[in-house]
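>>> could you work out the structure for the sequence below:
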Amino acid sequence: MPTTLGFKDIIDLPLWRMEAPVLATSGAGMCLANDMRNDASRHPYIYMSRSATALDFFDPTTGDWGTLASPALAGTFGAGAACVFHPSAGPRGTIAAGASTTSVTLTTALPASVGVNQLANRGDGVGFRLRIVDSVAAASGKSEEVIITANTGGTTPVITFTPALSFTPATAATYEFLSGRIFLVSSGLLAAGAFKYYDVLTNSYSGNLSITNLPATMSTDSSMVALSELYVPSDRSPSTGMLAGGATSNALNCIQATAAAGTTITGSGMPSTLATNEYQGFQVRIVEDATTPAAAGQRRRITSHTSGATGVFTVATWTTTPSAVAKFVIEQDDDKLLMRSTATTSVYTYNITANTWDTTTYGVAGNAVGAGCILVVPFGVPRDTTGNFRHSQIFCVRGGAGSAIDILDIANGANGTWTNTIVYGNLAQTFTTGTCGAYEPATLTGRFLHINVNGTQRFARFDLKNRILDAGSYLRYTQGAATVGGKMATGLFVDGSTKLPFVFLLTNTQTIFMSLAVVR
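Okay, the predicted model is just below:
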């Protein structure tokens, strides 16, 4: 029987509840990360970067913590350390001959060996999600997603899944695990090994990732966000993109192409209110191409586009030019992480495929961030036809004992444009050491950033669409001394169409971990 929620304002007052304590007293730089997909495909765990040698996980379905192998991060872990979950950054590669509609064998090896049936339980009894892209000449040109139900062991396992594909994958068709990775950056004087990722699927760490173009010393405070193709508005499903179209592929909404050339693709059935360059800096992903199958699965960053229902998107040159009957989606640029850090005006951008950091993809802000900074991408807000709110807007609570909130619009010009010190309702509260936040994109039209104010018992929530700071739910428990770090996360209960979000808090200088059902 589906869960029915009937919360009433004032009568049903949100209250914080105790969870299992964390495994060590919280300190500067300790931070939480979680998947923010808006449906049951969301990975259940919350992860905590506890130190240079400790990464822990919390399972909301059982209510306790577990430990993982040491990430062995370089640097002196403390103020400035940060982490972020990227849900679509799992292993990718090709499959072997002999696939069927219910199983495939990998040819591109996984990053580490997996155990028998390990991939059939991500922690809540549900298997990991796998995308098969049949992008070989003379194949179907389709992309479909399945749930793993069994696997053999090793680095090239046989994987069994449900539901059955509508096609038999060709030899060398590609696989993409939508399982996620947690990117971890240490602090202090940076050296090789200060930046790595943890691969959720294989329970393994990357080697040393690039730190070139990061600050020589990470300190003060940091906040990271992932631009993921699986992060979509609350009225859409993961893998359907940011923008409604008039077509479907494997029952998922998408956009029907009417033309394509070496650096362009033309859509149809899109909103007539689509503005010129509204999604500049996002990506096009080809989800189906029956005429030119090798075009399927390609991703290209949008450099510009025209307006209206039949907009033309200009992109980097296709490897294989899609046909005029291709189907595609418009998504966040899946290849990017963004970070604000260390009392600078720079936007540090990590390019995942190239393994490079830069400070030139996006322009510098007008002001440096300070202790208590929060970076948030409000992708969960449904598209605003007025254009007052846009999915290209990235909000930054500046911190540093000020009340300022700034916005970077990544679609305004080649490198985006900053609007500094925006006007918002109830502007007065200042944010400093101990301030941290968690964005909840799945419910309440994805509008709210939940904020712990300065590590106190006070909370606020910022409406990212309507730009007003409201009072949050008071914490009836005294925290310890405030420290910097992203000590908040979100979880999501899903039962059919019923969704109930939870906000989690790691209290300052304590082992206390608490949760709050977001009923309004």
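
>>> which SSE is Arg285 in?
strand 283-288 (DSSP states H and E).

>>> how about residues contacting that strand?
141-143, 229, 239, 241, 249-250, 252, 254, 265, 295-302, 313, 315, 322, 326-335 (CB atoms under 8 Å, 6 or more residues apart in numbering). C-beta: built from backbone N, CA, C; applies to glycine.

>>> which is the next helix or strand following that strand?
That would be, after strand 283-288 and using DSSP H and E, strand 299-305.

>>> report the buried residues of that next one.
Across strand 299-305, burial judged by 16 or more other CB atoms under 10 Å covers 299-300, 302, 304-305.

>>> and stretch 217-232, by the same measure?
Those would be 218-232, for stretch 217-232 by 16+ other CB under 10 Å.

>>> what does stretch 6-25 give?
So, applying 16+ other CB under 10 Å, buried residues of stretch 6-25: 16, 19, 22.

>>> could you do stretch 31-40 as well?
Across stretch 31-40, burial judged by 16+ other CB under 10 Å covers 31-38, 40.

>>> convert the strand holding Arg285 to PDB, retaining C-alpha atoms only.
C-alpha atoms of strand 283-288 as PDB (Å, rounded to 0.1, in the frame of the first residue of the first chain):
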ATOM      1  CA  GLN A 283      25.500  19.500 -23.000                       C
ATOM      2  CA  VAL A 284      23.700  17.700 -25.800                       C
ATOM      3  CA  ARG A 285      23.600  13.900 -25.400                       C
ATOM      4  CA  ILE A 286      22.300  11.800 -28.300                       C
ATOM      5  CA  VAL A 287      20.000   9.100 -26.800                       C
ATOM      6  CA  GLU A 288      18.900   7.400 -29.900                       C
END
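
>>> what angle do it and strand 299-305 make?
Going by axes from the mean of the first three to the mean of the last three CA atoms, to 10 degrees, strand 283-288 is angled at 120 degrees with respect to strand 299-305.

>>> so how far is stretch 200-210 off the chain centroid?
For stretch 200-210, the distance from its own C-alpha centre to the chain's C-alpha centre is 17 Å (CA atoms, centre = their mean, to the nearest Å).

>>> need the contact partners of it.
43, 45, 68-69, 71-72, 74, 90-91, 110-114, 119, 122, 128, 177, 179-182, 192-193, 195-199, 355-357.

>>> the domain parsing of the protein - what is it?
16-89+179-233+334-517, 92-177, 247-331 (automatic domain parsing).

>>> quick one: end-to-end length of the shortest one, please.
The reference is to domain 247-331. 16 Å (CA to CA, to the nearest Å).

>>> next one: it to chain centre, how far?
That offset, for domain 247-331, works out to 22 Å (CA atoms, centre = their mean).

>>> over to the second one?
In terms of CA atoms, centre = their mean, the centre of domain 92-177 is found 22 Å from the chain centre.

>>> the buried residues of stretch 6-25 into TSV, with extra columns for pLDDT?
Below are the buried residues of stretch 6-25 laid out as TSV (pLDDT from 0 to 100):
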residue	pLDDT
Trp16	97
Glu19	98
Val22	98
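
>>> of these, closest to Ala290?
Nearest to Ala290 out of these is Glu19 (CB to CB; 49.4 Å).

>>> about what we covered before: now secondary structure, distance to Asn420 and pLDDT too, for the buried residues of stretch 31-40, in a markdown table please.
Converted to a markdown table, those look like this (DSSP: H, G, I helix; E, B strand; the rest coil; distance: CB to CB, whole Å; pLDDT from 0 to 100):
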| residue | secondary structure | distance to Asn420 | pLDDT |
| --- | --- | --- | --- |
| Cys31 | strand | 26 | 98 |
| Leu32 | strand | 28 | 98 |
| Ala33 | strand | 28 | 98 |
| Asn34 | strand | 29 | 98 |
| Asp35 | coil | 31 | 98 |
| Met36 | coil | 26 | 98 |
| Arg37 | coil | 31 | 98 |
| Asn38 | coil | 30 | 98 |
| Ala40 | coil | 39 | 96 |
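
>>> out of these, which one sits closest to Gly455?
Nearest to Gly455 among those, with distances taken as CB to CB, is Cys31, at 13.7 Å.

>>> quick one: which of the buried residues of stretch 217-232 is nearest Val518?
For these, the nearest to Val518 is Tyr231 (18.3 Å; CB to CB).

>>> if we ignore the residues flanking it in sequence, what's nearest that closest one?
When the adjacent residues along the chain are set aside, Tyr231 lies closest to Phe379, with 4.6 Å between them (CB to CB, 6 or more residues apart in numbering).

>>> tally of neighbours for that neighbour?
Neighbour count of Phe379, defined by other CB atoms under 10 Å: 25.

>>> these two touch, right, it and Asp235?
No. Contact criterion CB atoms under 8 Å: Phe379 and Asp235 do not qualify, at 11.7 Å.

>>> determine which two of the buried residues of stretch 217-232 are furthest apart.
Spanning the widest gap among the buried residues of stretch 217-232 are Ser219 and Val232, at 35.0 Å by CB to CB.

>>> just the CA trace of stretch 363-374, in CSV.
The C-alpha coordinates for stretch 363-374 follow below in CSV (Å, rounded to 0.1, in the frame of the first residue of the first chain):
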residue,chain,number,x,y,z
GLY,A,363,35.0,34.3,-14.8
VAL,A,364,36.2,35.4,-11.4
ALA,A,365,33.7,36.6,-8.9
GLY,A,366,33.6,40.2,-7.7
ASN,A,367,34.4,39.1,-4.1
ALA,A,368,36.3,36.4,-2.4
VAL,A,369,34.6,33.7,-0.4
GLY,A,370,35.2,33.2,3.3
ALA,A,371,34.4,30.9,6.2
GLY,A,372,30.9,29.6,5.8
CYS,A,373,30.7,29.7,2.0
ILE,A,374,28.2,27.5,0.2
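
>>> start and end of stretch 402-422, how far apart?
13 Å.

>>> contacts for it next, please.
If you take CB under 8 Å, 6+ apart as the criterion, stretch 402-422 is touched by 277-282, 303, 347, 360-367, 370, 390, 392-398, 424, 427-431, 462, 467.

>>> buried residues in that stretch, which are they?
Going by 16+ other CB under 10 Å, stretch 402-422 has these buried residues: 402-412, 416, 418.

>>> take the buried residues of stretch 217-232 and keep only those in strands.
With DSSP state E as the criterion, strands contain 218, 222-227 from among these.

>>> that older thread, export the domains of the chain to JSON lines and tack on distance to Thr3?
Below are these laid out as JSON lines (distance: least, CB to CB, whole Å):
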{"stretch": "domain 16-89+179-233+334-517", "distance to Thr3": "4"}
{"stretch": "domain 92-177", "distance to Thr3": "16"}
{"stretch": "domain 247-331", "distance to Thr3": "24"}
